[in-house]
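In: whatever this is, show me its structure:
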Amino acid sequence: GTLGGDFAIASGINSTGQVVGGATDASGEVHAFLWTATSGMRDLRDTLHGTFSSAVAINDLGDITGTASEVGDIRYVAFLQTPPQKWIKALGTLGSHYSYGYAINAAATVAGSSPLNNNLTPYHAFIRRKGSRLVDLGALGGRSSNSTALGISPSEQVVGWSGYSPQAFLWTASSGMQALATLGGQNSSALAINSKTQIVGFSDLSQTVTHAVLWSAPDQIQDLGTLGGSNSIAHGINDLGQVIGESTLQ
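Out: Got it, this is the predicted structure:
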């Protein structure tokens, strides 16, 4: 369903079947929602009083992250909502008016991206542990380069992309940000990670060919192929090593 408007998009699901995303209400505003089989779709009314919010990820405890606008839609910030509280908490930024929450683990540590200033570049990947401030994860290529965190494991390993030409990375507290192997092309990105440090995403073979890949270590990459076409992308992986994504057919 929707929140009374014309469309809704589901962005995340947990192992109990709770779904989060964004949907329009009767006035046309986009609001974050939580859907359950027993209660249906519920508007995650926020306390930031902007006109936009969207939930992206939910953990098995029902902790939710995403992005919401504040009063006057001047700032768009990553948020955290923890049950049974009805309100959402703004998580701050790395120095600008913007931050975006993209992933959350079982400890409610949020991973995402935030510009370092209001020029919107550079922007850096961050993590935000529950009850603390955003931690800047840096970027491949130095502080002036960009990075975005898109996935986080239960042990706080973070994956995403970074660099002037996007390159997949793995970040750990002990080793920092390190580039992942590629299939030889210019661009790559890591999109998800499981508890066994198996990582999925994509890597270019050439300027026109991109394949879904699986990393089992920073220097170990497996080409997952396609469904007959030139391009594929892996979007998610579970703890059984099952991968989902999309592929062209011809």
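In: separation between the residue nearest to the spatial centre of the chain and residue 149?
Out: Central residue of the chain (CA atoms, centre = their mean): residue 102, 2.6 Å from the mean position. Residue 102 sits 6 Å away from residue 149, taking CB to CB, to the nearest Å as the criterion. To be clear about C-beta, it is placed using only N, CA and C from the backbone, and glycine gets the same treatment.
In: what residues do those two have in common as contacts?
Out: Contact criterion CB atoms under 8 Å, 6 or more residues apart in numbering; residues shared by residue 102 and residue 149: 111-113.
In: which intervals of the protein have sub-threshold pLDDT?
Out: Where the chain drops to pLDDT under 70, the residues are 47.
In: nearest spatial neighbour of the residue nearest to the centre of the chain, skipping sequence neighbours?
Out: Nearest residue to residue 102, sequence neighbours excluded (CB to CB, 6 or more residues apart in numbering): residue 112, at 4.7 Å.
In: next one: residue 245
Out: residue 234 (3.9 Å).
In: which ones are touching the one you found?
Out: By CB under 8 Å, 6+ apart, residue 234 lies in contact with 191-192, 200-202, 212-214, 224, 243-245.
In: spell out which helix or strand contains residue 35, please.
Out: Using DSSP states H and E, the element containing residue 35 is strand 30-36.
In: in that strand, what's buried?
Out: By neighbour count with 16 or more other CB atoms under 10 Å, strand 30-36 contains the buried residues 30-35.
In: can I get it in CSV, CA atoms only?
Out: The C-alpha trace of strand 30-36 is given here as CSV (Å, rounded to 0.1, in the frame of the first residue of the first chain):
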residue,chain,number,x,y,z
VAL,A,30,7.2,11.5,1.1
HIS,A,31,7.4,10.0,4.5
ALA,A,32,9.3,7.1,6.0
PHE,A,33,7.2,4.0,6.7
LEU,A,34,7.3,0.8,8.7
TRP,A,35,5.2,-2.1,7.4
THR,A,36,4.3,-5.3,9.3
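In: let me know the next secondary structure element after it.
Out: strand 40-43.
In: can you show me the CA trace of that following strand as PDB?
Out: Presented in PDB, the C-alpha positions along strand 40-43 are these (Å, rounded to 0.1, in the frame of the first residue of the first chain):
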ATOM      1  CA  GLY A  40       0.200  -2.800   7.700                       C
ATOM      2  CA  MET A  41       2.000   0.400   6.700                       C
ATOM      3  CA  ARG A  42       2.600   3.000   9.400                       C
ATOM      4  CA  ASP A  43       3.800   6.500   8.900                       C
END
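In: residue 160: what secondary structure?
Out: When classified by DSSP: H, G, I helix; E, B strand; the rest coil, residue 160 comes out as strand.
In: beta partners for it?
Out: On the basis of DSSP bridges, residue 160 is bridged to residue 149, residue 169.
In: next one: residue 112
Out: Applying DSSP bridges, one finds that residue 112 bridges with residue 101, residue 126.
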